[in-house]
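Enquirer: Requesting a structural model of the entry that follows:
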Amino acid sequence: MGGDHGATITLPACRAFLDTHPEARLLLVGKAEALAGFSHPRASVVNAAEVVAMDDPIEVALRRKKDSSMRVAIEQVKSGAAHAAVSAGNTGALMAIARYVLKTLDAIDRPAIATQLPNAKGGATTVLDLGANVDCSAEHLFQFAVMGSALVSVLNNDESPSVGLLNIGEEVIKGNEIIKKTGELLRSAAKSGDLNFYGNVEGNDIFSGVTDIVVCDGFVGNVALKTTEGLASMIGGFLKAEFSRNIFTKMVAIVAYGVLKAFKYRLDHRRYNGAALLGLRGLVFKSHGSADAYAFEQALNKAYDAASHNLLGKVQARIAHAAPLLAAMAEDAQIATV
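Expert: You can find the predicted model right below:
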C-alpha cells in the first residue's frame, strides 16, 4: 500500500514476480478493497485497515497506526507466516516498526540500510549505511561491516568479500577520530579472520569496484545513492533532448546513442532497487518510494534471494564469529562512558 503509487505499481510487480518464481508465494498486505482485483493461486490477501502515509511522523506510524499494512506485514515475518517483508513506504517508519516488532540481533546496536550501486567492473558495490544512521560511532560502523559481509556473501556467493572504509584518503592517518578508530577495529577483525578488510577507500572507489563493500555513515551513503540516481536521470534527459534539437545534434546523438543507452542501463537505479534492513531478527527490504513496477519487482527478487539463501542465518553466524571483538568493543565503550 505504501510508496508514491501504492497498489497501482506493487500489484503488477507482484504478478511479474510470481510469473518468474513458480515456487514462491506472496502475502499481499493492505486494505482488502484495494487488493480485491488481484487473483493468483500463489497469492493471498492479509487485511490491514490502515496505511502509513509517506509524511506520517514515526510516532504516528509506530504508536497510533497499529493495524497499518506496514506493521501487519512485518508481523507476518515475526510470526513465521512470511520469510521476508518488502515495503515501498515511509523509510523512517519502516525502520522504527521493524526494529520495534522484530528487535535487533544480539551484539547489534543499530540496524543499517544496505543496497548495491553499479560499478565499472560490470557488477555492483554494496554500500551501507544509506540513511538509517546519520551519526555513527566506530562500533556501529564495524557492525555494519560484519552485516554487509554476510549480505554480499549471499548475493555474490563469496565467503570472503572485501570491505572498504569510506574516507577522505587511503592513508591510515587520514579521517576523523571515528574513522581512524573504525579502521583499527577493522584491521583487528582482519587479523582474527572475521573480515576481509581492504583498507580505506574514497568516493570514486565505490563506482570503480575496488571493494565489494563500502562502509560509511548514513548521511554520506544517502548522498552517494541520490547522486547515482541523478546521473542516470541526467543521461536519460540528455538523450531525449538531443534527439529533439537540430539535425547536427540529432546525428551526434544517433552516433552516441548505443554507448549512452548502455551506460544509462548500467546506472539504472531501478535494477538495484531493494535495500536490506540488516541487523534485525527477520528479513525486511525497503523499495524506493518512487519505484515503478519493474523496480519494485527487483526488490521482491532481492528479498526472495535473501530468504532462499538464509541471509539471516549467515548474518547471525558472522556476528557470532566476531562476538569476542564485539564484546570487547562494548566493554571499552562502557568504560569510556563511566
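
Enquirer: make it CA atoms for all contacts and neighbour counts henceforth
Expert: Noted.

Enquirer: Now do the residue nearest the centre of the chain, the pLDDT please.
Expert: Nearest to the geometric centre of the chain sits residue 275, at 1.9 Å (C-alpha atoms, centre = their mean). Listed pLDDT for residue 275 reads 94.

Enquirer: is the closest residue to it other than its chain neighbours in a bridge, and if so with what?
Expert: Closest residue to residue 275 apart from its sequence neighbours, by C-alpha to C-alpha, 6 or more residues apart in numbering: residue 115 at 4.5 Å. Beta-bridge pairing of residue 115 under DSSP bridges involves residue 127.

Enquirer: Double-check residue 115 against residue 277; I have them as touching.
Expert: No. Look at residue 115 against residue 277 with C-alpha atoms under 8 Å: they stay out of range, at 9.2 Å.

Enquirer: quick one: contacts for residue 201?
Expert: Taking C-alpha atoms under 8 Å, 6 or more residues apart in numbering, we find residue 201 in contact with 164-170, 210, 214.

Enquirer: hmm, 7 Å instead?
Expert: 164-167, 169-170 (C-alpha atoms under 7 Å, 6 or more residues apart in numbering).

Enquirer: Report the beta-bridge partners for it.
Expert: Counting by DSSP bridges, residue 201 forms beta bridges with residue 166.

Enquirer: now residue 214, what's its secondary structure?
Expert: Under DSSP: H, G, I helix; E, B strand; the rest coil, residue 214 falls in the strand class.

Enquirer: ok, so what distance separates it from residue 226?
Expert: Using C-alpha to C-alpha, to the nearest Å, we find residue 214 at a distance of 16 Å from residue 226.

Enquirer: Neighbour count for the two, which is higher?
Expert: The residue with more neighbours, out of residue 214 and residue 226, is residue 214; 33 against 12, by other C-alpha atoms under 10 Å.

Enquirer: surely the more buried one meets residue 166?
Expert: Yes. Residue 214 is within contact range of residue 166, at 6.2 Å (criterion: C-alpha atoms under 7 Å).

Enquirer: Restricting to C-alpha, output the helix or strand harbouring residue 150 in CSV.
Expert: Using DSSP states H and E, residue 150 maps to helix 138-155. C-alpha atoms of helix 138-155 as CSV (Å, rounded to 0.1, in the frame of the first residue of the first chain):
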residue,chain,number,x,y,z
ALA,A,138,33.2,3.4,15.3
GLU,A,139,31.5,0.4,16.9
HIS,A,140,28.4,1.0,14.7
LEU,A,141,30.5,1.2,11.5
PHE,A,142,32.2,-2.1,12.5
GLN,A,143,28.9,-3.8,13.0
PHE,A,144,27.8,-2.5,9.5
ALA,A,145,30.9,-4.2,8.0
VAL,A,146,30.1,-7.5,9.7
MET,A,147,26.5,-7.4,8.4
GLY,A,148,27.4,-6.2,5.0
SER,A,149,29.9,-9.1,4.6
ALA,A,150,27.1,-11.5,5.3
LEU,A,151,24.8,-9.9,2.8
VAL,A,152,27.4,-9.9,0.0
SER,A,153,28.3,-13.5,0.7
VAL,A,154,24.7,-14.3,-0.1
LEU,A,155,24.4,-12.1,-3.1
